[in-house]
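> How does the following fold in three dimensions:
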Amino acid sequence: MTSHDPTGHQLPSIAWGGEPAPAPAPGAGPLDWFDSRLAEQPDAPAVVDGTITWSYRELDRASARIVQALGGRVTRGELVGVCLERSALLVAAAVALARIGAVHLSLGAQPGAARVESITEDADIGCLLTDGTTTPPPGWTVAPADAVDGLMVALRGGRTNGAPGGAPGGASSGAFCAVTTSGSTGKPKIALLPQGAMANLVRWTCDRLDIGPGSRVGLFVGTTFDAHLKELWEALSSGATLHVAPEDARGSTAELFQWWQESGLTHCLLPTPLADLAFTQPWPAGLAMRHILVGGDRMRVRPPAQCTAVVHNVYGPAEATVLTTTHRLQPRSDDPTAPVPIGRPLTGYAVFITDEDGRILPRGQAGEVRIGGAGLALGYVDPQRTAERFVPAPAGQPYVDRVYRTGDKAVMRADGLLEFLGRTDDQVKISGARIEPAEVEAALETHDSVRRAVVVPYQGTGGVLRLAAFLRLAEGAQADEEAVLAAARARVLKQAVPVMVRFVDTFPLNANGKVDRALLARQAAPAASTAPGAAPTQQAPQAADTDAFLLVACRRLLDRPDLTPSDNFAESGGTSLAVARLIALIESTYPIRVKAAEVMRQPDVAALAALVDTRRAGSARS
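Numbers count the residues shown, from 1 in each chain. Take a look at the predicted model:
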């Protein structure tokens, strides 16, 4: 229902972020704030990475050694590719590049050679920082960084001191750091974030999440994702301690909880799929955790009553510096069956819901999210892509001159809260009717048996476009296709009712940790051609038959019905989130503990089954 002001006029879908938050320390930005903390508390712990603990003084010295090792080969305004995993070394590299004034562009740990070559060519990058496991493009030279253990410097062929690539004054001029995002052309886009945008984010998180000396912040998110920069700089700017998550904590909820307990972590950000899994597990008592941020997808599973931390559902594209809006869940007052909002904008942001032509819509009408204000990126390295997505602000907005077109669809409720609805480009036309899959998903999820629904279009017989629904059942629920479809028929057009339903244990995820809808669409097409009256899917084998049980489990988790016992789980698409779900299934079926690293080390599924049998035998003897 559209809301109105007291005069009867429709209220526009505009949200402003309010007054600036106070700075966490003296200075103008993250590096200044780090230096203030360095002067105030040089011996306070800055980074904990396994058995390594660096004080603020030791971190500063490590970053100085990196600056020295680069030896003038990197200059202010130059993009530098960073191919490092979450580690103390990564943190030191971030501080070092900030000191130089170079632009930190994280490419993730061990990125593919083709990806590295494509990005370095497109962005004119001439220097990479690696741990030696990344293969540089042909013609590059690699040498150890003197006096910096574990760091390697790769330089583009023909590069000499004082002859950097990505010359100052180019596309990266004025950027503090950069992040890659997926591109519709198949090539990554590189978004350039100014210091002011990162400073605005850090000011808000330190103030609203009460991060300061004594806080323990997790460096948990993978380095291919922009959110790790938020984790890193909010800790160093505030005098907090940054705790590097062990790899097992990213692949097992049991290990995640154990890390939280042992480290005394107070702040952590979780990708939505992992949070969905964690919130369904027995919640540990006695955690020091004060704030948990959840982001990356629509939030469907709420935290359990035993969770004493404040949980925030967050939203934001990389082009708007990690976070744009947040919603603090209120367990006692929120309707547990209602969609979880993405909330209101952070300080300095402006969010508009518009039609395709950029006109602001009334509240209650769904449209595209456009973002402006303090957190906006400078643009992309590619000016043409910048012009396509960074456009003039809606007419009549005196405080914002440009906005980023997100391609995301949302609605602003009468109370001003935003609800995320999906992508604007997901819309399909079936039998003349325009259908939004997110709307069908919401209708399917109204049935008590459905925990989550994913609806994808696919080409059916004769090329006719149809909808398929993949449903994950609530715990203990029975699969009842007709009952679920009846709930949908009551809420959507008849053309929007899926013609195929498949019940799944989990959903496949892409490299960004989001549901791989393209893969589901490919999986739907063969199933749709199954003749009516065909035999139902074979039931899962009994848990006593470990080999068969795990093979079926891995096939479902990876959406790979052709998976064999001799296939490698990781090479077949087993991401850290898939491992977390597999471990949760194993530990809920058998009275054993398995670590994520152990799963990933097994050469094939048969070896994994042998590991489980060994643990089962040991558990029985004890």
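
> would residue 176 count as being in a strand?
Yes - using DSSP: H, G, I helix; E, B strand; the rest coil, the assignment for residue 176 is a strand.

> What sits closest to it if chain neighbours are left out?
residue 195 (4.0 Å; Cβ to Cβ, 6 or more residues apart in numbering). C-beta coordinates here come from the backbone N, C-alpha and C atoms, glycine included.

> which residues in the stretch 401-550 of the chain form helices?
437-444, 481-489, 517-528, 546-558 (DSSP state H, counting those that start in this stretch).

> tilt between the first one and helix 517-528?
Spelled out, it's helix 437-444. 60 degrees (axes from the mean of the first three to the mean of the last three Cα atoms, to 10 degrees).

> same check, this time on the longest one
Angle, helix 546-558 to helix 517-528, by the same axes, to 10 degrees: 120 degrees.

> Could you identify the helix or strand that succeeds helix 546-558?
helix 576-589 (DSSP states H and E).

> still on that earlier bit, between the helices of the stretch 401-550 of the chain, which one is closest to residue 505.
Nearest to residue 505 among the helices of the stretch 401-550 of the chain is helix 546-558 (4.8 Å), distances taken as Cβ to Cβ.

> If you count contacts, what does the closest one end up packed against?
Here helix 546-558 touches helix 576-589, helix 605-621, going by 3 or more Cβ pairs under 8 Å, 6 or more residues apart in numbering; DSSP states H and E.

> Name the stretch among these that sits most buried.
helix 576-589 (a mean of 21; mean count of other Cβ atoms under 10 Å).

> Only alpha carbons, please: show it as PDB.
The C-alpha atoms that make up helix 576-589 are tabulated as PDB, following Å, rounded to 0.1, in the frame of the first residue of the first chain:
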ATOM      1  CA  SER A 576      33.900 -23.400   1.500                       C
ATOM      2  CA  LEU A 577      30.100 -23.000   1.900                       C
ATOM      3  CA  ALA A 578      29.500 -26.400   0.200                       C
ATOM      4  CA  VAL A 579      32.000 -27.900   2.600                       C
ATOM      5  CA  ALA A 580      30.300 -26.300   5.600                       C
ATOM      6  CA  ARG A 581      27.000 -27.800   4.500                       C
ATOM      7  CA  LEU A 582      28.600 -31.200   3.900                       C
ATOM      8  CA  ILE A 583      30.300 -31.200   7.300                       C
ATOM      9  CA  ALA A 584      27.000 -30.200   9.000                       C
ATOM     10  CA  LEU A 585      25.300 -33.100   7.300                       C
ATOM     11  CA  ILE A 586      28.100 -35.500   8.300                       C
ATOM     12  CA  GLU A 587      28.200 -34.400  11.900                       C
ATOM     13  CA  SER A 588      24.400 -34.500  12.200                       C
ATOM     14  CA  THR A 589      24.400 -38.100  10.900                       C
END
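
> can you list contacts of it?
222, 247, 250-254, 271, 273-274, 277, 281, 505-506, 508-509, 513, 543, 549-550, 553-554, 557-558, 569, 574, 592-596, 599-600, 612 (Cβ atoms under 8 Å, 6 or more residues apart in numbering).

> sorry, back to before: wait, what's in contact with the residue nearest to residue 176?
Taking Cβ under 8 Å, 6+ apart, one finds 28-30, 176 in contact with residue 195.

> picking that back up, with mean neighbour count as added columns, please give the helices of the stretch 401-550 of the chain in a markdown table.
Below are the helices of the stretch 401-550 of the chain laid out as a markdown table (neighbours: other Cβ atoms under 10 Å):
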| stretch | mean neighbour count |
| --- | --- |
| helix 437-444 | 22 |
| helix 481-489 | 17 |
| helix 517-528 | 16 |
| helix 546-558 | 20 |
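
> could you measure residue 324 against residue 376, distance?
Remark: distance between residue 324 and residue 376 (Cβ to Cβ, to the nearest Å) = 10 Å.

> more neighbours, the two?
residue 324 (31 against 27; other Cβ atoms under 10 Å).

> The more buried one contacts residue 345, doesn't it?
Yes - counting by Cβ atoms under 8 Å, residue 345 is a contact partner of residue 324 at 6.1 Å.

> Return every residue with contacts to both of those two.
Between them, residue 324 and residue 345 share the contacting residues residue 351, judged by Cβ under 8 Å, 6+ apart.
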